[in-house]
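Participant: Please work out how this folds:
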Amino acid sequence: SIIQLHFVGESRNRAIGAYSMVLAAGVATALVLGGLLVSAHLLVAAWRPALLLNAPVGAVVLISARRSLPDTAGRAQVGLDPAGAAALAVALLALIVPLTFGRDAGWPIWVWPCLGACAVALAGFIRLERRTVAQGGDALFDLDILKLPGVEAGIGAVALVMACYAGLLVSLTLHLQQSLGFS
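Facilitator: Model prediction:
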């Protein structure tokens, strides 16, 4: 958003290029640092200490961003949509918990009501967001954006790429560790 607000023309292209480069370098660095932390066996928990790195790095980034990013004050402030956030959190929790623990537990009967609750919560989230927009409020996700040309296809493409990327990382990690015996 800041790039779109503060850059135009060729300078916007350069800013997006720099942002993309930093993002890609950050992903690669995080994978290497995470691997080094896991290999260091700092705690008995194996890979979990790598997740602890997010908190201090995030704190440094937030402090740096507050000091170095341009001020966007004076622009319209968007309010929080706590009802939408809660509905989406319930939907995601009802999806993630059974998918995370269901297989190891032998797909017990509680998995299916949880997945059903996910669908109900998502439908409730959609209704809630539409009502919030109709009442002039600030929705967590304004569904009208899907009506813009190319947005729906773009979201589908990003979702597909990210799903493939996540699947590749998990599969590659399992192959390297279990099949090839790497740390």
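Participant: what's the distance between residue 160 and residue 173?
Facilitator: 21 Å (CB to CB, to the nearest Å). Every C-beta, even on glycine, is put in place using the N, C-alpha and C of the backbone.
Participant: Compare these two and say which is more crowded by neighbours.
Facilitator: When neighbours are counted by other CB atoms under 10 Å, residue 160 and residue 173 differ, and residue 173 comes out ahead with 15 against 10.
Participant: for the more buried one, phi and psi?
Facilitator: phi -60, psi -50 (degrees, to the nearest 10).
Participant: How much space separates it from residue 121?
Facilitator: In terms of CB to CB, residue 173 sits 31 Å off from residue 121.
Participant: same question, residue 33
Facilitator: Relative to residue 121, and taking CB to CB, residue 33 is found at 36 Å.
Participant: who's more crowded, these two?
Facilitator: The neighbour count for residue 33 versus residue 121, taken as other CB under 10 Å, is higher for residue 121 (21 against 13).
Participant: wait, that one sits on residue 90?
Facilitator: Yes - Residue 121 is within contact range of residue 90, at 4.5 Å (criterion: CB atoms under 8 Å).
Participant: Identify the residues contacting residue 124.
Facilitator: Contact analysis of residue 124 by CB atoms under 8 Å, 6 or more residues apart in numbering lists 87, 91.
Participant: And the pLDDT for it?
Facilitator: For residue 124, the pLDDT comes out at 95.
Participant: Please spell out which residues along the helix or strand where it lies are buried.
Facilitator: Element membership for residue 124 (DSSP states H and E) is helix 111-134. Buried positions in helix 111-134, judged by neighbour count with 16 or more other CB atoms under 10 Å: 111, 114, 117-118, 121-122, 124-125, 128-129, 132.
Participant: mind giving me JSON lines with those and columns for distance to residue 61?
Facilitator: Below are those laid out as JSON lines (distance: CB to CB, whole Å):
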{"residue": "111", "distance to residue 61": "37"}
{"residue": "114", "distance to residue 61": "34"}
{"residue": "117", "distance to residue 61": "35"}
{"residue": "118", "distance to residue 61": "32"}
{"residue": "121", "distance to residue 61": "31"}
{"residue": "122", "distance to residue 61": "31"}
{"residue": "124", "distance to residue 61": "34"}
{"residue": "125", "distance to residue 61": "29"}
{"residue": "128", "distance to residue 61": "31"}
{"residue": "129", "distance to residue 61": "29"}
{"residue": "132", "distance to residue 61": "30"}
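Participant: mind checking how far the helix holding residue 124 is from the chain centre?
Facilitator: Offset of helix 111-134 from its chain centre (CA atoms, centre = their mean, to the nearest Å): 19 Å.
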